[in-house]
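> Turn this into a model:
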Amino acid sequence: MIYDLVKSDDPLLHKRVEKCSYNLNRIKLSDDLHENMLHHDGVGLSANQIGIEERVFIMMVDTETQRTITCFNPKVLKISKKLIRMEEGCLSFPETFIDVDRPSYVIVRYEDEWRNIHKLKLEGFIARIFLHEYDHMEGIVFTSL
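Numbers count the residues shown, from 1 in each chain. Modelled structure (predicted):
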């Protein structure tokens, strides 16, 4: 199902999403996020960007193959002290691009659709995608960084 993207001033984008609902149909939501991310030409998409108040996002971990992971209840465990500046955009802020400093790598933890816990080290652009989507879970938009 294709959802409209919420507008940049929607309160849902500016508030922290606490955790996923216990009875959430994770597989369906993951499928919906995947379909919407591709439909809206993104490399990541958080549930609150399509009006769903759940602590989850999808992101590409390989932009060449378009392989994705869906991160339920994500956590950042460690971030690099080295920052890299890069132009960033957001589906919720069409045609807005700004330079944002982000850590060069990040160590993260998340649950998948089957509640399995994963711990990964992400680097470069993939770390940036995770952190951008994670910020959405925290109610932080990239224009405020």
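
> what helix or strand is the residue lying closest to residue 71 once chain neighbours are set aside on?
Leaving out its chain neighbours, the residue that sits closest to residue 71 by CB to CB, 6 or more residues apart in numbering is residue 110, at 3.7 Å. C-beta: built from backbone N, CA, C; applies to glycine. Using DSSP states H and E, residue 110 maps to strand 105-111.

> Give me the sheet partners of that strand and which way each runs.
Here strand 105-111 is paired, per DSSP bridges, with strand 67-79 (antiparallel), strand 117-123 (antiparallel).

> Could you identify the helix or strand that succeeds the shortest one?
Sequence order places helix 124-137 as the next helix or strand after strand 117-123, per DSSP H and E.

> That following helix: which residues count as buried?
126-137 (16 or more other CB atoms under 10 Å).

> Quick one: these as JSON lines, columns for distance to residue 23 and pLDDT too.
Converted to JSON lines, those look like this (distance: CB to CB, whole Å; pLDDT from 0 to 100):
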{"residue": "126", "distance to residue 23": "31", "pLDDT": "97"}
{"residue": "127", "distance to residue 23": "32", "pLDDT": "98"}
{"residue": "128", "distance to residue 23": "33", "pLDDT": "98"}
{"residue": "129", "distance to residue 23": "28", "pLDDT": "98"}
{"residue": "130", "distance to residue 23": "26", "pLDDT": "98"}
{"residue": "131", "distance to residue 23": "29", "pLDDT": "98"}
{"residue": "132", "distance to residue 23": "28", "pLDDT": "98"}
{"residue": "133", "distance to residue 23": "23", "pLDDT": "98"}
{"residue": "134", "distance to residue 23": "24", "pLDDT": "98"}
{"residue": "135", "distance to residue 23": "27", "pLDDT": "98"}
{"residue": "136", "distance to residue 23": "23", "pLDDT": "98"}
{"residue": "137", "distance to residue 23": "20", "pLDDT": "97"}
